[in-house]
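Undergrad: Mind looking at a prediction? Sequence and model below.
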Number of protein chains: 2
Amino acid sequence: MTYCVAMHLADGLVFVSDSRTNAGIDHIATFRKLFTFGTPGERLIVLQTAGNLATSQSVVNLLKQRLGSTLVNLDSVPTLYDATALVAETIREVVARDGAPLAGNTDLTCSFLVGGQIAGQPPALYSIYPQGNFIQATEDTPFLQLGESKYGKPILDRNLKHDTSLEEALRCALVSFDSTIRSNLSVGMPLDLLVYHTDSLILPAGYRVTEDDEYYEGVRRQWAAGLHEVLEKLPAPPAAYNV
Amino acid sequence: MTYCVAMHLADGLVFVSDSRTNAGIDHIATFRKLFTFGTPGERLIVLQTAGNLATSQSVVNLLKQRLGSTLVNLDSVPTLYDATALVAETIREVVARDGAPLAGNTDLTCSFLVGGQIAGQPPALYSIYPQGNFIQATEDTPFLQLGESKYGKPILDRNLKHDTSLEEALRCALVSFDSTIRSNLSVGMPLDLLVYHTDSLILPAGYRVTEDDEYYEGVRRQWAAGLHEVLEKLPAPPAAYNV
């Protein structure tokens, strides 16, 4: 499994991915699921992946290999929309190539989130379905998720608005990951995160949150304690509840 | 869809069910999913249902019809374990009866939670899978869920222990339902709840929480505000995070 979340907010973009992959519950490994393309001052394109690892790795490799070539590539596409269409097309290419010789029903599909900004255009964020079509995040729905999305969705539904600050959005994402990791063994540390400020047109270094990260550990502890306190302070049910 | 949760705690049992059923997203109705059997002073058996409504209604009807008959029934089974086995057997009976004439692949299965107490024995709580086998709640895992379980599970995972008081457990359940209802349209009000104190051997009246219930509305509001405050108070990420 996988859990990735990306947010398109008034001030920029936030991306967080876990790094656990599994084939069955006894074959677990760590693979990065967040990738950065672009040129400072001109474009930033961030990809996040879920689904079949062989397919998603091939897609990322082909997208990298073709940079600078005469083929349409992520450095030459004129818009984020076209970048997303190119990623979707590359997914279909790999699935067709690797799927053709397979008689069985191996699931080769994968999903991608594609976000970023190209100079002169506003930032954008898309989610590519396993079927290859895609949707875009909007002011009404400022976040998109991949993979094990349910455990960590209520905290995002409740607190994330288009005008939430990037810093608060990141904290919200970290809490969402904590809830998911607690409830699903197949989502695991470390986490890769990247925050992009609109119009900065830099390629942010991002950050890898490891098991022993002090800040994340503090957030987890403070969140658990705060939640418990809010629960304790809720009023007692009235007599009609027959408790 | 459905969401039901039941808890087996040191002081007793807590049951909460939603009441929304749907066949497709444009065929929605309200049906009670929490049923009480027993005799005051002798036994209480609570059933909660999810899955195919025709099957679960037939199962509950047959269990009721057979009370007082010469057939093994919920008033005559000697233990909660046997009560659960009887419910499972009745599910199989209905699925076999209604499934035999069907050529297609209609899913007739359903799931039940079975909890309660019989005089002279400790309380117990079981979950019957659609396949008919069942598991029991323990001190390590004091709650069981049916249906749309993921959105509301983190709050239970974080806060529910075997020695949590019945009142706090109920508040925790209500918050779990609020998170689920916000995120899944097919889980809906009203909620049916029932709290049972160990060794009381009464058949509690329970309570129906409707849309305009003042206490639930207050819990929802206070929870949302408290959560937001905890999030706001989390410390800012360190410089290494590159936010």
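TA: Yes, it's here.
Undergrad: Spell out the residue ranges of the strands in chain A.
TA: Here chain A has its strands, by DSSP state E, at A:3-9, A:12-17, A:20-22, A:28-30, A:34-39, A:43-51, A:110-118, A:124-128, A:134-136, A:143-147, A:191-197, A:207-209.
Undergrad: Only the buried residues of the last one, if you could.
TA: So that's strand A:207-209. Across strand A:207-209, burial judged by 16 or more other CB atoms under 10 Å in any protein chain shown covers A:207, A:209. All C-beta spots, glycine's among them, are computed from the backbone N, C-alpha and C.
Undergrad: Sheet partners, orientation included, of that strand?
TA: Looking at strand A:207-209 with DSSP bridges, its partner strands are strand A:191-197 (antiparallel).
Undergrad: Could you list the low-confidence segments of chain A?
TA: Nowhere does chain A drop to pLDDT under 70.
Undergrad: could you show me where the helices are in it, in order?
TA: A:53-65, A:80-99, A:153-159, A:166-183, A:214-233 (DSSP state H).
Undergrad: I'd like these as JSON lines, with mean neighbour count and distance to chain B appended.
TA: Converted to JSON lines, the helices of chain A look like this (neighbours: other CB atoms under 10 Å in any protein chain shown; distance: least, CB to the nearest CB, whole Å):
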{"stretch": "helix A:53-65", "mean neighbour count": "18", "distance to chain B": "22"}
{"stretch": "helix A:80-99", "mean neighbour count": "19", "distance to chain B": "22"}
{"stretch": "helix A:153-159", "mean neighbour count": "20", "distance to chain B": "4"}
{"stretch": "helix A:166-183", "mean neighbour count": "23", "distance to chain B": "4"}
{"stretch": "helix A:214-233", "mean neighbour count": "16", "distance to chain B": "3"}
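Undergrad: got a list of what A:Leu227 touches?
TA: A:Leu227 makes contacts with B:155, B:158-159, B:227, B:230, as judged by CB atoms under 8 Å, 6 or more residues apart in numbering or on different chains.
Undergrad: which one of the residues you listed sits closest to chain A?
TA: B:Val230 (3.3 Å; CB to the nearest CB).
Undergrad: how near is the nearest residue to the closest one once chain neighbours are set aside to B:Arg66?
TA: If the residues on either side of it in the chain are set aside, B:Val230 comes closest to A:Gly226, at 3.3 Å by CB to CB, 6 or more residues apart in numbering or on different chains. Taking CB to CB, to the nearest Å as the measure, A:Gly226 falls 50 Å from B:Arg66.
Undergrad: Thought A:Phe37 was touching A:Leu74, still the case?
TA: Yes - between A:Leu74 and A:Phe37 there is a contact under CB atoms under 8 Å: 4.6 Å.
Undergrad: Residues in contact with both of the two, list them for me.
TA: Contacts common to A:Leu74 and A:Phe37, judged by CB under 8 Å, 6+ apart, are A:45, A:63, A:67.
Undergrad: Looking at those, which is nearest A:Glu167?
TA: For those, the residue nearest A:Glu167 by CB to CB is A:Ile45; the value is 23.1 Å.
Undergrad: Tell me which residues touch A:Arg171, please.
TA: A:Arg171 makes contact with A:219, B:231, B:234, B:237, according to CB under 8 Å, 6+ apart.
Undergrad: now those as JSON lines including distance to A:Thr109?
TA: Putting the contacts of A:Arg171 into JSON lines (distance: CB to CB, whole Å) gives the following:
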{"residue": "A:Val219", "distance to A:Thr109": "34"}
{"residue": "B:Leu231", "distance to A:Thr109": "35"}
{"residue": "B:Leu234", "distance to A:Thr109": "36"}
{"residue": "B:Pro237", "distance to A:Thr109": "34"}
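Undergrad: Which pair of those spans the longest distance?
TA: B:Leu231 and B:Pro237 (13.4 Å).
Undergrad: Neighbours of A:Thr70, how many?
TA: 7 (other CB atoms under 10 Å in any protein chain shown).
Undergrad: quick revisit: out of the shared contacts of A:Leu74 and A:Phe37, which one sits closest to B:Ser200?
TA: Checking the shared contacts of A:Leu74 and A:Phe37 against B:Ser200 by CB to CB gives A:Ile45 as the nearest, at 63.0 Å.
Undergrad: Tell me if I'm right that the closest one and A:Ala83 touch.
TA: Yes - using CB under 8 Å, A:Ile45 makes contact with A:Ala83 at a distance of 5.4 Å.
Undergrad: residues shared between the contacts of those two?
TA: Residues touching both A:Ile45 and A:Ala83 by CB under 8 Å, 6+ apart: A:74, A:114, A:116.
Undergrad: is the last one in a bridge, and if so with what?
TA: So that's A:Gly116. A:Ile45, A:Ala124.
Undergrad: State the distance from A:Pro142 to B:Phe112.
TA: Distance from A:Pro142 to B:Phe112, by CB to CB: 40 Å.
Undergrad: So for those two, which residue has more residues nearby?
TA: Neighbours were counted for A:Pro142 and for B:Phe112 using other CB under 10 Å; B:Phe112 has more, 27 against 21.
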